[in-house]
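> next come a sequence and a model predicted from it.
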Amino acid sequence: MDANIKQSSQRNRGIDRLIRRITLIPMYATVSMWAFFNIFVILWIAIASFKTNRELYANVWSLPTSLSLANYIKAWSVVKMDQLFLNSLIVVSVSVVLTLIVAAPAAYILTRVTFRGANFITQFFTAGMGVPAAILFIPLFGMLAARGWVDSLPGLILVYVVLSIPFTIFLLTGFFSTLPAELEESAAIDGASPLNVFIRIMLPLASPGLLTAAILNFVSTWNEYMIALIFTTSAKNRTISLGLYSLQSSMQYTGDWVGMFAGVVIMMVPIMIIFVLLSRRMISGITMGAIK
Amino acid sequence: MLNKQRRKLIIPFLAPSLILYLVFFVYPTIKGLGLSLYQWSGFKLPVTFIGLENFKDLLKDDNFLVALKNSLFLFFVGGLVIFAVAFVFTSFLTSGIKAKDFFRGIMFFPNVIAPIAVVTIWQFIYNPRFGLLNGLLDVIGLGKFGQSWAAPGRIFPAITVIIAWIAIGYYLVLLLAAADKIPQDIYDAGRVDGANTWQMFWLVTLPMIWDVIGIIMVLWMISALKQFEIAYAFSSTGNVPVEAYTLPIYVVVMGFGMREPIYKLGYASAIGCVLLFIVVILTLLIRRIFKRENLQY
């Protein structure tokens, strides 16, 4: 009899598991459809960027008949992409590094040293995340224009650094506060100066956080065009996203969709590489501040 | 001892970012608030104090009202769609689906594509003549429903769909991270009691992450009200139609103009003021709604 009960409860458990498996099917179907759409759209754009406009107009679904780079060459030359690509690389890399140089020490001091006002200053910095750039860029433009810094790469770098400070400090204070204190203390007991403790001990410990901040700032600065649109005016100082913007404008008039797709792919390649290599870190980074 | 030594570092470590922030962020923000009370028609021209005139003019400005309506539409209606879908996906991905990280990564992916590239992709999806959406409808035999998806009259809803496509992945990541913090034994207990996925979500997950949802809502509200790039690029000819205006777009239009410069700098600052005011009010409101005693678990 005991064996009977055992058997039937096992059967029930089996049925339970089966039911749960079955309810998973529509869930798989839904998330797979969404994921498929995302992958499909990107692949589709990449494939279409090798077609000719005539092929595209004739059949949206067809594969390119030849693997010609004509669209890429055209997109690259129409908006002088090499200049823009170089501008973006310089502006984005320099501003990402500068942001870390100013924000990391501040975040360290605000989390690891107790002093009156530390909390207030942290909140003062992070409150900047809620301030829409729209309220400040008119006065900022006036200030920079008065010094001749508008429409220059250093001026643009300055704006990017300043606008990245609130988020970066938010992210890094969250990160520094999770680091253990023991190493720091024992190094200090061994006679290391506070500055040495920071450079030799804390910075290496914090490197995952610094890297995360750098990646997230790199991606957002590389992709953005609103600030670049306002703070640069001449073609030689424009960035890659503005290049794609003007490419989009000019090619839409001529109906050159495949050329636009080639521009999209050029713009996406560096970010795709970062995403494939570091998506886990990016995803953990955006949750770092919001969900403790 | 260490703390005492490190105190010497406070000023040199804090000064660079604090000075940059005060001079180039806080000061322009305060100045922007002040400028809303002035008439200023060019960066090199003098300013005239006009009190609240700019704000009075805003109330009579139809374009401003469209921009305001659009920004709030994006926050409320867009937010509703985004969180409905993100919650559904969160509950799916936490109920034992394999390859959870893969799905999360793919859904997050639109967030790293440049907005300008996203817009190009969607203009193509929406295109009435050879677009992907109409092409798809043809393939599955529903060709008669094909249409011009982003025709005048529905430009902003079309823009909202694009933003939702991006944002769903973003808030999914945040919601999943929050759900991961819930101890597994609570789920196990729920399952023993015979709760299904739906009940589990409403009775376990949602109450457990209620305060995090508050933070996530504030993040969404700020990003919705800051929205500029997708909407601005959508028409892509350098002349944004009024229908696509958001508040930040209208600030740029009034402050700098599009093809022809405008330079109504005081007026533009007043719009920025309204924008900041809405952000502050909604932040307080959302915090209030989502405030509650911390759950013990």
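That came through, no problem.
> just give me the residue closest to the centre of chain A.
With distances taken as CA atoms, centre = their mean, the residue of chain A nearest its centroid is A:Val219 (3.1 Å).
> that one: what's it in contact with?
When contacts are counted by CB atoms under 8 Å, 6 or more residues apart in numbering or on different chains, A:Val219 touches A:271, A:274, A:282, B:112. No exception for glycine: its C-beta is placed from N, CA and C like everyone else's.
> the helix or strand of chain B with the lowest mean pLDDT vs chain A: in contact?
Every helix and strand of chain B was ranked by mean pLDDT, DSSP states H and E. The lowest is helix B:197-199, at a mean of 77. Yes - Helix B:197-199 is in contact with chain A by CB under 8 Å from any CB of the partner chain, via B:Thr197.
> elements contacting that helix?
In terms of contacts (3 or more CB pairs under 8 Å, 6 or more residues apart in numbering or on different chains; DSSP states H and E), helix B:197-199 is packed against helix B:79-93.
> buried residues in the helix it packs on, which are they?
B:79, B:81-83, B:85-93 (16 or more other CB atoms under 10 Å in any protein chain shown).
> columns distance to B:Ile186 and pLDDT on top of these, output as JSON lines?
Listed next are the buried residues of helix B:79-93 as JSON lines, based on distance: CB to CB, whole Å; pLDDT from 0 to 100:
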{"residue": "B:Gly79", "distance to B:Ile186": "28", "pLDDT": "97"}
{"residue": "B:Val81", "distance to B:Ile186": "29", "pLDDT": "97"}
{"residue": "B:Ile82", "distance to B:Ile186": "26", "pLDDT": "97"}
{"residue": "B:Phe83", "distance to B:Ile186": "22", "pLDDT": "96"}
{"residue": "B:Val85", "distance to B:Ile186": "25", "pLDDT": "96"}
{"residue": "B:Ala86", "distance to B:Ile186": "21", "pLDDT": "95"}
{"residue": "B:Phe87", "distance to B:Ile186": "18", "pLDDT": "92"}
{"residue": "B:Val88", "distance to B:Ile186": "21", "pLDDT": "91"}
{"residue": "B:Phe89", "distance to B:Ile186": "21", "pLDDT": "93"}
{"residue": "B:Thr90", "distance to B:Ile186": "16", "pLDDT": "90"}
{"residue": "B:Ser91", "distance to B:Ile186": "15", "pLDDT": "86"}
{"residue": "B:Phe92", "distance to B:Ile186": "18", "pLDDT": "88"}
{"residue": "B:Leu93", "distance to B:Ile186": "17", "pLDDT": "89"}
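> so B:Ala151 belongs to a strand, correct?
No - when DSSP: H, G, I helix; E, B strand; the rest coil is applied, B:Ala151 is found to be coil, with no strand at that position.
> from A:Ile266, how far off is it?
30 Å (CB to CB, to the nearest Å).
> the more surrounded of those two?
Each of B:Ala151 and A:Ile266 has its neighbours counted (other CB atoms under 10 Å in any protein chain shown); A:Ile266 has more, 22 against 11.
> list the buried ones in the helix or strand hosting that one?
Per DSSP states H and E, A:Ile266 falls inside helix A:257-290. Within helix A:257-290, the residues scored as buried using 16+ other CB under 10 Å are A:257-268, A:270-272, A:274-275, A:278-279, A:282-283, A:285-290.
> so what does the helix or strand B:Gly34 falls within touch, helix or strand wise?
Using DSSP H and E, B:Gly34 falls within helix B:27-35. For helix B:27-35, the helices and strands in contact under the criterion 3+ CB pairs under 8 Å, 6+ apart are helix A:133-146, helix B:265-290.
> now do the buried residues in the shortest one.
Looking back up the chat, that one is helix A:133-146. Applying 16+ other CB under 10 Å to helix A:133-146 flags A:133-144 as buried.
> what segments of the stretch 151-292 of chain A are helices?
For the stretch 151-292 of chain A, applying DSSP state H, counting those that start in this stretch gives helices covering A:153-176, A:182-189, A:194-196, A:203-223, A:226-231, A:240-254, A:257-290.
> for B:Ile213, find the nearest of those.
helix A:257-290 (10.5 Å; CB to CB).
> the closest one relative to helix A:240-254, how many degrees between them?
Angle, helix A:257-290 to helix A:240-254, by axes from the mean of the first three to the mean of the last three CA atoms, to 10 degrees: 140 degrees.
> how about low-confidence regions in chain A?
By pLDDT under 70, the low-scoring segments of chain A are A:1-11, A:289-292.
> the helices in the stretch 151-297 of chain B, which residues?
Along the stretch 151-297 of chain B, counting by DSSP H, counting those that start in this stretch, helices occupy B:155-180, B:184-192, B:197-199, B:206-208, B:210-225, B:229-235, B:247-256, B:265-290.
> now render these as a markdown table, adding mean neighbour count and distance to B:Gly131.
Converted to a markdown table, these look like this (neighbours: other CB atoms under 10 Å in any protein chain shown; distance: least, CB to CB, whole Å):
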| stretch | mean neighbour count | distance to B:Gly131 |
| --- | --- | --- |
| helix B:155-180 | 22 | 12 |
| helix B:184-192 | 12 | 43 |
| helix B:197-199 | 14 | 36 |
| helix B:206-208 | 14 | 38 |
| helix B:210-225 | 20 | 26 |
| helix B:229-235 | 24 | 14 |
| helix B:247-256 | 25 | 25 |
| helix B:265-290 | 20 | 33 |
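> lowest average pLDDT across these?
With a mean of 77, helix B:197-199 has the lowest mean pLDDT of the helices of the stretch 151-297 of chain B.
> now that helix, how far from the centre of its chain.
With CA atoms, centre = their mean, to the nearest Å as the basis, helix B:197-199 stands 29 Å off its chain's centre.
> likewise stretch A:225-235?
Here the centre of stretch A:225-235 is set off from its chain's centre by 20 Å, with CA atoms, centre = their mean.
> got TSV for the helices of the stretch 151-292 of chain A, with distance to B:Leu9 too?
Below are these laid out as TSV (distance: least, CB to CB, whole Å):
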stretch	distance to B:Leu9
helix A:153-176	14
helix A:182-189	12
helix A:194-196	5
helix A:203-223	13
helix A:226-231	32
helix A:240-254	38
helix A:257-290	24
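> between those, which gets nearest to B:Leu22?
Comparing those by CB to CB, helix A:153-176 comes nearest, at 10.1 Å.
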